[in-house]
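K.L.:
no sequence on this one, just coordinates:
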């Protein structure tokens, strides 16, 4: 269902300025080079350790355990790329771009292409016309999208709640393919660099897998690794906006546009680690360049501020958030299922 909260006029500009001052005075926008240095070193050590274990294990079915652990490692590396894309690590663009491109290369993502789409999402979260994250051919998030589906895509839309998690197994492949396609079509910045990085990833990854493992096990390793990485990435990003109000038009201020369309996930340090800080989605959307470890400290400030100014602030547990997502997907497919029942009855 689409919702367009009313405009609140110029008053809201001063509201966000007030919140920004409080956050800045709390020191929550200063960079955390020490934190990121340790985080990156730990991620790279785990990444290297897993590939070393892969080499020592040889042609063994235990490699599927390594595949599962590498899915976690890939996601953690991708979270660093996400933070670099938002300039959370360094203030200047160039060192963030270098770090992001390197991490993108490690997991086989086109960093520049991903940043471009993600920035458009941040500018218009859950906007039916402008948010690329709502433009997913195999899933519908609004009634208008559902009405346009025909053929096999219509069938998928009818059953999308059931198909949602199975479809996430393809997200890793989608990240690879969309990145390569952007290089081939020229729809990415630093095309040569991104192309070289992606080519190196594909060659080294496939060479390692097929040189060490027998063909059948190699294929199984790739399927398990890529599927679990896709599920992990999808599960980290999906609860943040799916099932929240969607927007049309532009008559809403920045603060409400970001808060009303976002959902936080409750939890402690383990949740922070597993979701890469994306569980503080409201704070992240209000302050995209805020370093990840500061989001937890910003959360009570933002929640209190929203309560004071009468702005709905949504939080849910991890299981509850997925229920919201699946319920929304089921509801979007309901009119299509009902139309089919009417046709069959006629």
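P.N.:
In hand now; what should we look at? Model, not experiment: these values are computed from the prediction.
K.L.:
So which residue is smack in the middle of the chain?
P.N.:
Using Cα atoms, centre = their mean, the residue of the chain that lies closest to the mean C-alpha position is residue 237, 3.6 Å off.
K.L.:
Let me see the mean pLDDT of the helix or strand harbouring it.
P.N.:
When elements are defined using DSSP states H and E, residue 237 is found to belong to helix 215-237. Average pLDDT, helix 215-237: 97.
K.L.:
rewinding a little: helix, strand, or coil at the closest residue in space to the residue nearest to the centre of the chain that isn't next to it in sequence?
P.N.:
Closest residue to residue 237 in three dimensions, ignoring its sequence neighbours and counting by Cβ to Cβ, 6 or more residues apart in numbering: residue 278, at 6.7 Å. Every C-beta, even on glycine, is put in place using the N, C-alpha and C of the backbone. Assigned state for residue 278: coil (three-state reduction, DSSP: H, G, I helix; E, B strand; the rest coil).
K.L.:
just wondering, since we're on residue 278, how far is it from residue 239?
P.N.:
Shown here: residue 278 relative to residue 239, a distance of 9 Å by Cβ to Cβ, to the nearest Å.
K.L.:
between the two, which one's more packed in?
P.N.:
Comparing residue 278 with residue 239 by neighbour count (other Cβ atoms under 10 Å), the higher total belongs to residue 239, at 26 against 20.
K.L.:
And for the closest residue to that one other than its chain neighbours, the neighbour number?
P.N.:
Using Cβ to Cβ, 6+ apart and skipping residues adjacent in sequence, the residue nearest residue 239 is residue 321, 3.8 Å away. If you count neighbours by other Cβ under 10 Å, residue 321 ends up with 23.
K.L.:
which residues does residue 321 contact?
P.N.:
Residue 321 sits next to 239, 263, 265 when contact means Cβ atoms under 8 Å, 6 or more residues apart in numbering.
K.L.:
cool, residue 325 as well?
P.N.:
With contact taken as Cβ under 8 Å, 6+ apart, residue 325 is in contact with 164, 238, 239, 242, 243.
K.L.:
Which pLDDT does the model give the closest residue in space to residue 126 that isn't next to it in sequence?
P.N.:
With Cβ to Cβ, 6+ apart as the measure, residue 261 is the residue that lies nearest to residue 126, at 3.9 Å, once sequence neighbours are left out. According to the predicted model, the pLDDT of residue 261 comes to 96.
K.L.:
could you measure residue 261 against residue 120, distance?
P.N.:
When Cβ to Cβ is the yardstick, residue 261 and residue 120 sit 14 Å from each other.
K.L.:
who's more crowded, the two?
P.N.:
The residue with more neighbours, out of residue 261 and residue 120 and counting by other Cβ under 10 Å, is residue 261; that gives 25 against 15.
K.L.:
so who does the more buried one touch?
P.N.:
Under the criterion of Cβ under 8 Å, 6+ apart, the contact list for residue 261 reads 125, 126, 241, 244, 245, 246, 247, 285.
K.L.:
Find the helix or strand that the residue nearest to residue 239 is a member of.
P.N.:
Applying DSSP H and E as the criterion places residue 321 in helix 318-345.
K.L.:
got the buried residues for that helix?
P.N.:
By neighbour count with 16 or more other Cβ atoms under 10 Å, helix 318-345 contains the buried residues 318, 321, 322, 324, 325, 326, 328, 329, 330, 332, 333, 336.
K.L.:
Can you lay out those as CSV showing pLDDT and distance to residue 135?
P.N.:
Putting those into CSV (pLDDT from 0 to 100; distance: Cβ to Cβ, whole Å) gives the following:
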residue, pLDDT, distance to residue 135
318, 94, 26
321, 95, 22
322, 95, 22
324, 94, 21
325, 95, 17
326, 96, 20
328, 95, 17
329, 95, 16
330, 95, 20
332, 94, 15
333, 93, 18
336, 92, 19
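K.L.:
What is the nearest of the residues you listed to residue 79?
P.N.:
Each of those was scored against residue 79 by Cβ to Cβ, and residue 318 proved nearest at 16.5 Å.
K.L.:
which residue sits closest to that closest one in space, ignoring its chain neighbours?
P.N.:
Nearest in space to residue 318, with sequence neighbours left out and distances taken as Cβ to Cβ, 6+ apart, is residue 265 at 5.5 Å.
K.L.:
just residue 133 next, same as before
P.N.:
Ranked by Cβ to Cβ, 6+ apart and with sequence neighbours excluded, the top spatial neighbour of residue 133 is residue 121, at 4.8 Å.
K.L.:
how close does that neighbour sit to residue 241?
P.N.:
According to Cβ to Cβ, residue 121 stands 8 Å off from residue 241.
K.L.:
Fine, thanks again, bye for now.
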